[in-house]
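Engineer: For reference, the sequence and a predicted model appear below.
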Amino acid sequence: GGEEYVLKRLFVERGEAVRLSGLREAYFGVMMRGVFHVCRFVESFEEERGEAHDLWLVFCSEGLSLTHYLYEPSVDDGMVTYHPGAFWRKYRSSPHGHRGIRELMRQLLEGGASCHE
């Protein structure tokens, strides 16, 4: 096995704001290459589909996302909703869970601080 990648397709047909959001994410992905606390951005590219131009962002796979740990999906009548997951409940109810949450927050803040260096 080689490196695994994550592809993120932006639905630019939903409007200019979506396209600009993707371009902004690509810009900061390039600017923050090599920053320890941020996922590894590889590249972006556009793909023509008739009149539409899909915007794709490529990242190195960093494993499960934070969303996976914090939330669990529920499907009811074709509608997906998210609620706090087992990981989150464990930390919220554990006597020492505040340490895990504090560590999670520290990592998020360090990643955010990297944006302002």
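Structural biologist: The structure has been received and is ready for your questions.
Engineer: what are the phi and psi values for the residue nearest the centre of the chain?
Structural biologist: Centroid check for the chain by C-alpha atoms, centre = their mean gives residue 65 as the closest residue, at 6.5 Å. Torsion angles at residue 65 (phi, psi; degrees, to the nearest 10) stand at phi -80, psi 160.
Engineer: show me where the protein has strands.
Structural biologist: Counting by DSSP state E, one finds strands in the chain at the ranges 5-10, 41-49, 52-60, 71-76, 79-84.
Engineer: most packed of those?
Structural biologist: Sort the strands of the chain by mean neighbour count, taking mean count of other C-beta atoms under 10 Å, and strand 52-60 sits at the top with a mean of 16. C-beta coordinates here come from the backbone N, C-alpha and C atoms, glycine included.
Engineer: Each with direction, which strands does that one pair with?
Structural biologist: strand 5-10 (antiparallel), strand 41-49 (antiparallel) (DSSP bridges).
Engineer: now what about the last one, what contacts it?
Structural biologist: Outside strand 41-49, the residues within contact range by C-beta atoms under 8 Å, 6 or more residues apart in numbering are 5, 22-23, 26, 29-30, 32-33, 53-60.
Engineer: what residues go with each domain of this structure?
Structural biologist: 5-60, 66-114 (automatic domain parsing).
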